[in-house]
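Student: Requesting a structural model of the entry that follows:
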Amino acid sequence: MAARVQMALSLPTKKEAEHVVTTVIAGLESTLLNNLGTDGFTLKLNGFGKFYVRHKPGILRRIPFTGETILTKARRKVRFISLGRLRRCE
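Tutor: Predicted structure coming up:
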């Protein structure tokens, strides 16, 4: 993907293209996690893939060496499913 971005944007190095790709994906993740309160929200980019938010509730875990039971924090995670041309390239 970075090679295609490098060609499309006429960047001198592949490292710069990788930085562009990771910055865009990090921006999508932060937008989904911080600004959209709806779990299960899907952001679909045609020909690329789907990003969706998945809610993982806190669970009770036992710490073996102390015997103490704690409740872990609830989390939201961003998941990605490749679609279209990106899926065929894999």
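Student: For the chain, which segments count as strands?
Tutor: Under the criterion DSSP state E, strands of the chain are mapped to 42-45, 49-56, 60-62, 69-71, 75-82.
Student: Can you say which of those strands is packed in most?
Tutor: strand 49-56 (a mean of 15; mean count of other Cβ atoms under 10 Å). Backbone N, C-alpha and C define where each C-beta goes, glycine included.
Student: Quick check: can you name the pairing partners of it and their directions?
Tutor: Pairing partners of strand 49-56, with direction, according to DSSP bridges: strand 42-45 (antiparallel), strand 75-82 (antiparallel).
Student: Could you point out which of the ones you listed sits nearest residue 30?
Tutor: strand 75-82 (9.1 Å; Cβ to Cβ).
Student: and that closest one, average pLDDT?
Tutor: The average pLDDT within strand 75-82 is 83.
Student: Give me the distance from it to the chain's centre.
Tutor: 5 Å (Cα atoms, centre = their mean, to the nearest Å).
Student: Next up, the contacts around residue 84.
Tutor: Residue 84 makes contact with 46, 47, 48, 49 under the criterion Cβ atoms under 8 Å, 6 or more residues apart in numbering.
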